[in-house]
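A.B. asks: need the 3D shape of this:
(2 chains)
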Amino acid sequence: MNEERNPVEAFLRMDRMPHIWCPGCGIGVVVNCFVRAVLEAKIDPDKLAVVSGIGCTGRIAGYIKLDSFHTTHGRAIPFATGLKMARPDLTVVVLSGDGDLVAIGGNHFIHAARRNVDIKVFCVNNFTYAMTGGQVAPTSPVHSLATTAPYGVFEEPFNLPYLADSTGAVYVARWTTYHVRQLSRAMNEALQKPGFSFIDIIAPCPTIFLRRNRLGDGLDTMRFYKENSRLENGADTRNVGLGLKGPIVVGKFVDRQRPTLGECMDQEYRAALGDKYVPYTTGA
Amino acid sequence: MPHADPKAVLTGRHFLDGDHACSEGAIAAGCRVAFGYPITPSTEVVERLSQRLPQVGGFFIQMEDEIASSIAIQGAAWGGARVLTASSGPGMSLMMEHIGLAAMTETPCVFVNVQRAGPSTGLPTMTAQADIMQARWGSHGDYEVIALSPWSPQECFELTIKAFNLAERYRVPTLLMMDETVGHMVEKVEIPPAESIEIEPRRYTRLPPSEYLPYQPGPDLVPDMAPVGKGYRFHVTGLTHDERGYPVMTAEAQGKLIPRLVRKILDNANKICITDEHSLEDAEVVLVSFGITARIALYAVEAARRAGIRVGLLRPVTIWPFPEKRLREVLGRARAVVVPELNLGQLALEVERIVAGKVPVIRLNHAGGAVIDPEEILRTVKECGR
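C.D. replies: From the prediction side, this is the model:
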């Protein structure tokens, strides 16, 4: 009998299974969508590197069978910047969580977008610090509960697509883990687009966020995503902020051209130095 | 061993400050990628690199802060580049977490610290040598680094090359512990022909991906690296990990990995350590001093010798690991050890541990902002030599 293997398996460190993610968690869906996007985009996996920070999503780097780097909290983007600038031949993807990327790592996020570093940032946004037990994140909706906001969150969260858009990202989209085909397609587009691409991936955290906020389980969340998502390609990102009860505006919001950091650097050096310029080459 | 690139090395006699000499040392050592953030008194290191690197096949990017700089170099290092960042005081404090990351992931990289007086903002433009203990253990957890201390612009050039070679050889973050005085001192710097500058190559594995284990150490306790983008599909993590590079959350894995990270430096200390010695043959008073203070101490040695006092200078060029064996050897006939340093007693702690009460260890300290008065060292030496 011919056993059919899941094509995703070849991209996973199967010797590390079972993974640490909870039942109903959205991160596994994101990993699946990512691998399918890589397959669709026909990217040579040997020329693809994944960089993560710290947190539940940060563990992706440890499970994905590529050159993969699990760095420090909040610093996946500057590590990826160094890797990409030293190795322009690689596709460099940052897979990390909302707390990692836009709280502790927020400064790096805005500067990488401004510089248009050619990296792809896929943010699993579950509105909480799940690994440490459910503290307030800069994405936590107002009035949601967290262990460090037992009376309700009272500060305005970041609208991540607006943040990415206003700081210069060339590709900005949002999908939920219910929209697996759309998410995978968006990742495929982002992988093939030069420049700083960002996808805000709305994902359930049943153990920590959903339970504390009495929002049901993983399946209830899929239903919620299905019923409350509103497709609006090209939406003005100022209007796509999220509340605790929806709606969730999804779609591709930004798709524009800007020269990348590497291209700008090369042009500037060339113009100023002329014959004296010796372009950087990798030892690869 | 391969040699430096003759097209990049500015062979000849130059008049350079220590910061610029450090930049030239980095270029000679094959550094083509640098990231940094401005801070006095280290800024000139990256200013010169930003000017020179695009002319020798490299680039410099000024990052948003020192945190970003200290990890961007590590991304580039895994990409195959020889990398450097430079900072001082508050910037070095921000970089500490990533010195720990580099130690844990065994990433070859060079951190230049042009020391200024602290703590906090302290005296931003004025000298000190008070980051000696931070250099050793400023990040959390147990680990060892290599730290070198130059006392002249010439040595800033030479020891920067040395720092790169040691970082590659032992896969360890290596610190060049300059001080503001040496960094801003302008002197003759002789840059030798490229053919005479040896470059330690990256320790890449010869094994195919199917047989390669990323953190399987060799006999020298150092594992070989895999090149990125070549199908090794390896994992690098700051978590405690096994030979496969996989996270393992057990006391056993910790007990295997961390002692090795420490031992690969300490067990090889005799190969790593460099000292510079003056008039020690018959010394009854031994001065132990480093960086700019050692240069001042040498004046005291010469003046005291003229007065008939048997005094010598042991200068640890490698501060970490400390040249413990050599200090023990020169203690033979010593009646006293004097440790002048521009801090309130940091390296003295290590000297006292090694001397272990056999002879008095006299601390000669200064909180920074100026160098130690040579007459003060001379006075102390004379008192000891009486």
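
A.B. asks: per-residue confidence at the residue of the stretch 151-300 of chain B found nearest chain A?
C.D. replies: For the stretch 151-300 of chain B, the residue closest to chain A is residue B:237, as judged by CB to the nearest CB, at 3.8 Å. Placement of C-beta: from N, CA and C, glycine included. Turning to residue B:237, the model gives it a pLDDT of 98.

A.B. asks: how far away is it from residue A:131?
C.D. replies: 15 Å (CB to CB, to the nearest Å).

A.B. asks: next: residue B:298.
C.D. replies: 54 Å.

A.B. asks: and residue B:164, helix, strand or coil?
C.D. replies: Three-state call for residue B:164 (DSSP: H, G, I helix; E, B strand; the rest coil): helix.

A.B. asks: skipping its backbone neighbours, what lies nearest it in space?
C.D. replies: residue B:29 (3.7 Å; CB to CB, 6 or more residues apart in numbering or on different chains).

A.B. asks: so what's that neighbour up against?
C.D. replies: B:4, B:82, B:160, B:161, B:163, B:164, B:165, B:197, B:199 (CB atoms under 8 Å, 6 or more residues apart in numbering or on different chains).

A.B. asks: so where do the helices sit in the stretch 101-250 of chain B?
C.D. replies: B:132-137, B:153-170, B:180-184 (DSSP state H, counting those that start in this stretch).

A.B. asks: also the stretch 251-386 of chain B?
C.D. replies: Going by DSSP H, counting those that start in this stretch, the stretch 251-386 of chain B shows helices at B:251-266, B:269-272, B:291-306, B:324-330, B:347-355, B:374-385.

A.B. asks: re the thing from before, same list (the helices of the stretch 101-250 of chain B) but as a markdown table, adding mean pLDDT.
C.D. replies: Shown next, in a markdown table, are these (pLDDT from 0 to 100):
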| stretch | mean pLDDT |
| --- | --- |
| helix B:132-137 | 98 |
| helix B:153-170 | 98 |
| helix B:180-184 | 98 |
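
A.B. asks: of all these, which lies closest to residue A:115?
C.D. replies: Between residue A:115 and the helices of the stretch 101-250 of chain B, the shortest gap by CB to CB is with helix B:153-170, which sits at 26.9 Å.

A.B. asks: which neighbouring elements make contact with the closest one?
C.D. replies: Counting contacts by 3 or more CB pairs under 8 Å, 6 or more residues apart in numbering or on different chains; DSSP states H and E, helix B:153-170 packs against strand B:12-17, helix B:18-28, strand B:109-117, strand B:146-148, strand B:173-179, helix B:180-184, strand B:186-191.

A.B. asks: show me how far the second one is from its chain's centre.
C.D. replies: Helix B:18-28 has its average C-alpha position 14 Å from the chain's average C-alpha position, going by CA atoms, centre = their mean, to the nearest Å.

A.B. asks: before we move on, what about the shortest one?
C.D. replies: Average the C-alpha atoms of strand B:146-148, do the same for its chain, and the two points are 3 Å apart (CA atoms, centre = their mean).

A.B. asks: distance check, the one residue in the stretch 101-250 of chain A that gets nearest to chain B against residue A:98.
C.D. replies: Taking CB to the nearest CB, chain B has its nearest neighbour within the stretch 101-250 of chain A at residue A:111, 4.2 Å off. Going from residue A:111 to residue A:98 by CB to CB gives 18 Å.

A.B. asks: neighbour count winner among those two?
C.D. replies: residue A:98 (29 against 19; other CB atoms under 10 Å in any protein chain shown).

A.B. asks: columns mean neighbour count on top of the helices and strands packed on helix B:153-170, output as a markdown table?
C.D. replies: Formatted as a markdown table, these follow (neighbours: other CB atoms under 10 Å in any protein chain shown):
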| stretch | mean neighbour count |
| --- | --- |
| strand B:12-17 | 16 |
| helix B:18-28 | 29 |
| strand B:109-117 | 29 |
| strand B:146-148 | 26 |
| strand B:173-179 | 30 |
| helix B:180-184 | 26 |
| strand B:186-191 | 16 |
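
A.B. asks: any chance of TSV for the ones you listed, columns distance to chain A?
C.D. replies: Below are those laid out as TSV (distance: least, CB to the nearest CB, whole Å):
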stretch	distance to chain A
strand B:12-17	18
helix B:18-28	12
strand B:109-117	10
strand B:146-148	21
strand B:173-179	14
helix B:180-184	25
strand B:186-191	19
